[in-house]
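Participant: any chance you can model this:
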Amino acid sequence: MFPESESFIRRFSFRDDSGALLLDSVGIIFVELTKLTEIAMKPVEGMTREEQWSVFFAFGGETKYSDLIDRLTKERGEIMMANELLQTISRDENERAKYRSRRMFQMDLDHNLLASRDEGREERTLEIARNMLTKNIPIDDIVDITGLSRMIVERLKPQKI
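Facilitator: Here you go, the predicted model:
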């Protein structure tokens with residue numbers, strides 16, 4: 001294994017039978033959160049990045065360690081963001097339901113905005129093709145310029161009575 005590792009962290013990598021590293025960008029790290037009480041006593045500035053995150057995961061929701069978590073959030077912006085999310089989803093069931101509803105609403109809103117933009121672009125393309133037809137531009141040119149299919153452009157032609 002890795003003898004220089006902290007006693008609570010175990011790193012695993014993918015190697016062939018001879019011990020040569022197969023994938024240097026993929027590995028597995030196990031953190032034994034129950035062994036972190038000693039690490040939590042260290043000054044935050046003296047903790048490694050892995051120790052800081054491990055302490056946050058182990059004690060983030062415990063009021064007994066709120067001062068430590070505050071120091072961690074001041075040290076690392078990404079831990080601050082994670083802590084804010086943890087606080088949001090740790091509230092009572094009604095608050096969690098509201099949070100989920102807001103997220104779902106925002107996702108639906110984002111999806112609908114994108115869909116309406118696409119529909120608007122499509123309608124504009126059809127309008128351009130109709131205008132080109134009224135100028136007697138050949139159908140093959142309209143297909144090339146707009147990207148519409150020949151069948152769609154032919155359906156856009158004004159019907160003669």
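Participant: pretty sure E32 is touching F8, no?
Facilitator: Yes: proximity of E32 to F8 meets the contact threshold set by C-beta atoms under 8 Å, at 4.6 Å. C-beta coordinates here come from the backbone N, C-alpha and C atoms, glycine included.
Participant: out of these two, which sits in the busier spot?
Facilitator: F8 (19 against 13; other C-beta atoms under 10 Å).
Participant: could you find the closest non-adjacent residue to that one?
Facilitator: Take F8 and drop its neighbours on the chain: the residue closest to it by C-beta to C-beta, 6 or more residues apart in numbering is K35, 3.9 Å away.
Participant: what about that neighbour, distance to V55?
Facilitator: As judged by C-beta to C-beta, to the nearest Å, K35 and V55 stand 11 Å apart.
Participant: would you mind giving both backbone torsions of the most centrally placed residue in the chain?
Facilitator: Centroid-nearest residue in the chain, with C-alpha atoms, centre = their mean: M107, separated by 12.5 Å. With angles defined as degrees, to the nearest 10, M107 sits at phi -60, psi -40.
Participant: what is the neighbour count of M47?
Facilitator: Around M47 there are 19 residues (other C-beta under 10 Å).
Participant: is it true that it touches I39?
Facilitator: Yes: using C-beta under 8 Å, M47 is in contact with I39, at 6.9 Å.
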